[in-house]
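Q: I'll drop the sequence and a predicted model, then ask my questions.
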Amino acid sequence: MTEFVWKIGGEAGFGIMGSGLLFGKVFTRTGYYAHIYSEYPSLIKGGHNTTLVRLSEKHVDSPVLTNDLVVALNKFAVEAHMPHMSKSGGIIYDSKDSDIKDLKIPAGVQLYDVPMLELAQKAGGDMLMRNTVAIGASLALLGYPVEHFSDIIKETFGRKGGAIVDINISAAKNGYDYIKSKYDVSKFPFKFTPKPNSERKLVMTGNEAISAGAIQAGVKFFAAYPMTPASSILHYMAAKEFEHNIVVKHCEDEIAAMNMIAGAAFAGVRSMTSTSGGGFCLKVEAIGMAAMSETPVVVVLSQRTGPSTGLPTWTEQADLRFAIHASQGDFLKVVLAPGDMAEAYNVTQKAFNLAEKYQIPVIILSDKYLSESYSSVDRSELKAIPIERGKLITKDMKPLAQMERFKRYEFTDDGVSPRPIPGVIGGEHIASSYEHWENTFSTEHFETRKKMVDKRARKITLLEKELEPPTLHGPKDAELTLVCWGSQKTPVFEAIDKLNAEGLKINALHFVYVHPLPKKGIEMLKAAKKLVIVENNSTAQFGGLLKEHAGVSFVGSILRYDGRQLFPEDVHTHAKNILQGKEKDVAVVDKEPVEFYTARFVR
Amino acid sequence: MMATMADFGTRETPQWCPGCGDFNILTAVRAALAKTGKETHNTVVVSGIGCSGKTPHYIRTYGFESLHGRTLPVATGAKLSNRKLTVLAMGGDGDGYGIGLNHLMHTCRRNMDMTYIVHDNEIYGLTTGQASPTSMKGMKTKSTPHGLIELPIHPLALAITCDATFVARAYTGNIPHLTNIIAEGIQHKGFSLIDVLQVCPSWNRINTPDWFRTRIYDLQKEGHDSSDKTKAYEKALEDINSGYEKVPIGIFYKAQRPTYDDELPQLKDAELVNQDITKVDMSKTLAEFE
Ligand SMILES: Cc1ncc(C[n+]2csc(CCOP(=O)(O)OP(=O)(O)O)c2C)c(N)n1
Ligand SMILES: [Mg+2]
């Protein structure tokens, strides 16, 4: 099987992330899958940025720790990435600006000295075009025709006019030809050939998948305030506002955004907001208002490393409990945590259906890792889920008698009451943050208060049938079951495949519906022999929930809270150790050179 | 058939303190809605939390009793979803000038086409009498037993600065004037801030009916030119600058510019709420990911 990991590293501000996407698309258009993963500190210029592109013949959805070809845009990139090279991998660098004679390059690693700046300048470009040269050079090593890259350049830069396209194409060719003329490319062990007539795959980030899913679901109003790693949802929605007739509002703060979407939902349109932990704090009060007034809202919470400002550009899954318990009082809400791009696209649509059918707040949990990584998907993986709007009333009714109000909070068997929207004759009512009578007027009448709580809670009976059980990955009967949720699906599933291939009897359960817990999921947990919880936080928040609601216990845990998500290798190593009784509770941490993250580059 | 004042009535009796200015605001809003020919089903009244926040409960239209301070964003969401609706927002001085002040400034500059009525009793009523952002310096309240140190906010000057297009003040002691001002605010295309000086018989012993009676005068009777922004600004500060000798009411400032929803081509053909969401075509959008 052909699999290959390319990494480009250098200072921020040199288009590193963009070039990863271009490189990946060369292959996703010609029959391969790609996963593209970026790491960057919270700086605009300077600091070490990396983008990893993993290519494969089968679906790939997570990065790995070992690189096969590194493009080092400065000396530090060589230093930082050479300890993580595969045996016969290569490093492309430019001896004109990186004197690496003092570095001890691991045995077997090939060095390709390419004058990237010079070749870029020869094409009429500058520093920024070194990436293009490097991609050309990389394609030469892989034996891939450079023309596929030229096509992408034409499409991507076409709008900017002919000159920039020509310069980029010739920069790519310069890199390609340089390698061919100076090195014996047949010695580079990784080779790819384009697959003719293959369907182009879609390459999207988690945030793009959520956004496009929302558009597919008919979102009409979107309001937000920028915050990494949720900002790109706002950017995407804003870019699409005319194409799909969506009102997209960058508000004065997250409080406004949340309250605006509640107002919009009350008026009858599908509405959504997105933020990260700090902004979610500000939305909490209005999430409760949506619950009390039974207004359907969808809130995306893309987690970063907390608490407080934390590590703004790194990842974690530590807001699960916060999301589940957000806002005062007892009330029903749904929390969904998709694990990959297709799930993000499809689950977002379901979120709108659940919000409207049950007239409740629905929270979609993502994190920096899922939100900002790219994966390729087959178009058939993205579904159009039929729209269900529940008891929404948009047609005029009989006019109300004078002084009367519509029973918007009518006691019903399923707990869901009819919901006329403003403009509908005969539906006049108040959406209220206060406890209320059926006719929406406020009340402190004890019996009515209790009945209203019960009415709202009763929705769970129907809702329960829609809560999807976790996905079981690996053999049905296993010695050990890894339990994970949300974005950690991809590293865990990949580790399971490898462990199974090694003959180990191990499987995994991945939850998307994390709250309320699906009953079937609880049964599946109980049926497992031994459970290990795998989470991207320090306190095993989901594990605690399962202990409480499923009454299960765990023989071990694999946790990570250093700012990165789990890599498949981490899960592989530690799951094996736990299975063999060598480890029990593990907290994974990477030991990269300190300069990777600190003062050296900070300006 | 046009809706009458009675059509805007509800079965429940208001539960404010005897003598509360909220009764008069309620009367004036119902009258202004009838006067401007609004229909009950096409009108939305959004409120915050406070004594004032209860007002929508007594106006039979669509309504949203939202959160303390969040009146304007909730109203904004509703208006942008269905620009055909007549949207009124109302809340207290604490609600609008304290906890929710940020929203006021931004709603002004957006020129959201709605009418915002602030029940300005210069006190926190519902929470039993603490200083509000418009309480006068030195005022002794439960939260400022030794006298309020800060100077009050000047809401009208602030709204003018933030480019609101209709800035007015009325007084609960003059219902006909209050009704007219609210009706003009409703008819104004753009954002209208109406600051209503309101008596609070329970908690505000300073700004009493007697206090107001000797100080209030009507700008329009003095021939104020409401298109003159500089003059408007001057008048908006007259109360404090005159040592509260003179407290003007009436329309301070009025201007025309496109409203926020006017500038949204997304709404040209149909209001958001009337757009079909069952036939979203994703083919072009998804192809961009290739
Ligand atoms: C977030 C929040 N903080 C505090 C309160 C308590 N609270 C309710 S009304 C109010 C102040 C009311 O004053 P104002 O807005 O002037 O309205 P009034 O009662 O005077 O009409 C406060 C502090 C609340 N409901 N929500
Ligand atoms: Mg007040």
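A: Structure received. Residues are numbered from 1 along each chain as shown, chains lettered A, B, ... in the order given. Ligands and ions are numbered 1, 2, ... in the order given.
Q: make sure residue B:33 is indeed in a strand.
A: No - secondary structure assignment (DSSP: H, G, I helix; E, B strand; the rest coil) places residue B:33 in helix, not in a strand.
Q: read off the pLDDT value for it.
A: pLDDT recorded at residue B:33 is 98.
Q: what distance do you get for it to residue A:162?
A: According to CB to CB, to the nearest Å, residue B:33 and residue A:162 sit 61 Å apart. In short, each C-beta sits where N, CA and C put it, glycine included.
Q: between these two, who's got more neighbours?
A: With neighbours defined as other CB atoms under 10 Å in any protein chain shown, residue B:33 and residue A:162 compare such that residue B:33 has more, 28 against 10.
Q: assign a three-state SS to the most centrally placed residue in chain A, would you?
A: Geometric centre of chain A, nearest residue: residue A:370, 2.1 Å, by CA atoms, centre = their mean. With three-state DSSP as the basis, residue A:370 sits in helix.
Q: and the residue in the stretch 51-200 of chain B positioned nearest to chain A, how many residues sit next to it?
A: For the stretch 51-200 of chain B and chain A, the shortest gap (CB to the nearest CB) falls at residue B:77, measuring 2.7 Å. Using other CB under 10 Å, the number of residues around residue B:77 comes to 31.
Q: from the contact counts, what lies against the helix or strand where it lies?
A: According to DSSP states H and E, residue B:77 maps onto helix B:71-81. Other helices and strands packing on helix B:71-81, by 3 or more CB pairs under 8 Å, 6 or more residues apart in numbering or on different chains; DSSP states H and E, are strand A:221-224, strand A:247-250, helix A:254-266, strand B:43-47, strand B:62-65, strand B:86-92, helix B:101-110, strand B:115-120.
Q: mind exporting the C-alpha coordinates of that helix to CSV?
A: Extracted C-alpha coordinates of helix B:71-81, given in CSV (Å, rounded to 0.1, in the frame of the first residue of the first chain):
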residue,chain,number,x,y,z
THR,B,71,-33.4,43.1,24.4
LEU,B,72,-31.7,44.6,21.4
PRO,B,73,-29.8,41.5,20.0
VAL,B,74,-32.9,39.4,20.4
ALA,B,75,-35.0,42.0,18.6
THR,B,76,-32.3,42.3,15.9
GLY,B,77,-32.4,38.6,15.2
ALA,B,78,-36.1,38.7,14.8
LYS,B,79,-36.1,41.7,12.6
LEU,B,80,-33.4,40.4,10.2
SER,B,81,-35.3,37.1,9.9
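Q: what is the orientation angle of that helix with helix B:101-110?
A: Following axes from the mean of the first three to the mean of the last three CA atoms, to 10 degrees, one obtains 40 degrees for the angle between helix B:71-81 and helix B:101-110.
Q: so where's the stretch 1-150 of chain B uncertain?
A: B:1 (pLDDT under 70).
Q: which parts of it sit against ligand 2?
A: B:92, B:93, B:121, B:125 (CB under 5 Å from the ion).
Q: now do the same contact list for whichever residue of the stretch 101-250 of chain B sits closest to ligand 1.
A: Among the residues of the stretch 101-250 of chain B, residue B:125 lies closest to ligand 1, at 3.1 Å counting by CB to the nearest ligand atom. Residues near residue B:125 by CB atoms under 8 Å, 6 or more residues apart in numbering or on different chains: B:50, B:51, B:52, B:92, B:200, B:202, B:203.
Q: ok, it to residue A:420 distance?
A: Distance from residue B:125 to residue A:420, by CB to CB: 32 Å.
Q: now do residue A:205
A: 38 Å.
Q: residue A:409 too?
A: Distance from residue A:409 to residue A:420, by CB to CB: 12 Å.
Q: comparing those two, which residue is more hemmed in?
A: More crowded of residue A:409 and residue A:420, by other CB under 10 Å: residue A:409, with 28 against 23.
Q: wait, the more buried one sits on residue A:452?
A: Yes - using CB atoms under 8 Å, residue A:409 is in contact with residue A:452, at 6.8 Å.
Q: common neighbours of those two, please.
A: residue A:436.
Q: for ligand 2, what's the nearest residue on the stretch 151-290 of chain B?
A: residue B:200 (6.9 Å; CB to the ion).
Q: nearest spatial neighbour of that residue, chain-adjacent residues omitted?
A: residue B:121 (3.9 Å; CB to CB, 6 or more residues apart in numbering or on different chains).
Q: list the contacts of that neighbour.
A: B:21, B:51, B:52, B:92, B:93, B:132, B:198, B:199, B:200, B:203, B:204, B:207.
Q: stretch B:4-12: how far from the chain's middle?
A: Put simply, stretch B:4-12 sits 21 Å off its chain's centre (CA atoms, centre = their mean, to the nearest Å).
Q: I meant to write stretch B:235-243 there.
A: For stretch B:235-243 - counting by CA atoms, centre = their mean - the centre lies 21 Å from the chain centre.
Q: show me where pLDDT drops low in chain A?
A: Looking at chain A by pLDDT under 70, you get A:1, A:44-46, A:593-603.
Q: which strand residues bridge the closest residue to ligand 2 within the stretch 51-200 of chain B?
A: Residue of the stretch 51-200 of chain B nearest ligand 2, by CB to the ion: residue B:92 (3.6 Å). For residue B:92, the beta-bridge partners are residue B:119 (DSSP bridges).
Q: wait, it touches residue B:122, no?
A: No - between residue B:92 and residue B:122 there is no contact under CB under 8 Å: 10.0 Å.
Q: common neighbours of these two, please.
A: Contacts common to residue B:92 and residue B:122, judged by CB under 8 Å, 6+ apart, are residue B:132.
Q: quick check: chain neighbours aside, which residue is closest to residue A:321?
A: residue A:541 (5.0 Å).
Q: and for the one you found, the neighbour number?
A: 22.
Q: how much space between it and ligand 2?
A: For residue A:541, the distance to ligand 2 equals 42 Å [CB to the ion, to the nearest Å].
Q: leaving out chain neighbours, which residue sits closest to whichever residue of the stretch 101-250 of chain A sits closest to chain B?
A: Going by CB to the nearest CB, chain B is nearest to residue A:218 of the stretch 101-250 of chain A, at 2.7 Å. Nearest residue to residue A:218, sequence neighbours excluded (CB to CB, 6+ apart): residue B:277, at 2.7 Å.
Q: let me know the pLDDT of the one you found.
A: On the pLDDT scale, residue B:277 gets 98.
Q: quick check: which element contains whichever residue of chain A sits closest to ligand 1?
A: Going by CB to the nearest ligand atom, ligand 1 is nearest to residue A:285 of chain A, at 6.2 Å. Assigned by DSSP H and E, residue A:285 belongs to helix A:277-293.
Q: contacting residues around the residue nearest to the centre of chain A?
A: Here residue A:370 is in contact with A:206, A:302, A:338, A:339, A:340, A:344, A:486, A:487 (criterion: CB under 8 Å, 6+ apart).
Q: got it, and residue A:268?
A: Contacts of residue A:268 (CB under 8 Å, 6+ apart): A:392, A:394, A:421, A:422, A:423, B:81, B:82, B:273.
Q: am I right that the last one is in contact with residue A:392?
A: No - using CB under 8 Å, residue B:273 makes no contact with residue A:392, being 10.5 Å away.
Q: shared neighbours of the two, anything?
A: With CB under 8 Å, 6+ apart, residue B:273 and residue A:392 have common neighbours A:268, A:421.
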